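**Q** sequence and predicted structure are below.
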Amino acid sequence: MVVWPLIVGIVIVGFSVLLLSLRVIVPSFILILTGISLVIYWIYINRKKNDITDRRNDVICTCAICGHTQSSTCVREKCICCLVAKGDRIVGHTNNSLQ
């Protein structure tokens, strides 16, 4: 998880509020905009990362043996026909019929 844009954005906004209290107006507004844009960038990164992981987990299962439609159902019910396991851990889901 990327946290540095949030931390740097909050620090920059805090520093710009300090400059604003010292009546340094123009640079403080520039720093406020920079800090707010970093926080917005952090929100964008987190949403994009969550969308990618949600899409990866909801793959359509085309296995002819179990007949499930979503791979999340196969993982939840631990179907041995289309899951990839490493030792005792389930690593992923596959639609390869030649497994």
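**A** Okay, I see it.
**Q** residue contacts, residue 7?
**A** Neighbouring residues of residue 7 by C-beta atoms under 8 Å, 6 or more residues apart in numbering: there are none. C-beta: built from backbone N, CA, C; applies to glycine.
**Q** again, only this time at 10 Å
**A** By C-beta atoms under 10 Å, 6 or more residues apart in numbering, residue 7 lies in contact with 38-39, 42.
**Q** just those residues: which are in helices?
**A** 38-39, 42 (DSSP state H).
**Q** and those residues as CSV, adding pLDDT, distance to residue 77 and neighbour count?
**A** Conversion of these to CSV gives the following (pLDDT from 0 to 100; distance: C-beta to C-beta, whole Å; neighbours: other C-beta atoms under 10 Å):
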residue, pLDDT, distance to residue 77, neighbour count
38, 96, 43, 20
39, 96, 41, 17
42, 94, 37, 20
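**Q** what's the spacing between the residue located most distally from the centre of the chain and residue 35?
**A** Using C-alpha atoms, centre = their mean, the residue of the chain lying farthest from its centre is residue 23. It sits 39.5 Å away. Taking C-beta to C-beta, to the nearest Å as the measure, residue 23 falls 19 Å from residue 35.
**Q** next SSE after whichever strand or helix holds residue 50?
**A** Element membership of residue 50, judged by DSSP states H and E, is helix 25-57. As assigned by DSSP H and E, the chain's next helix or strand after helix 25-57 is helix 71-77.
**Q** the helix or strand just after that following helix packs against which elements?
**A** Note on helix 71-77: by DSSP H and E, the next helix or strand toward the C-terminus is strand 83-86. Helices and strands touching strand 83-86, by 3 or more C-beta pairs under 10 Å, 6 or more residues apart in numbering; DSSP states H and E, are helix 71-77, strand 89-93.
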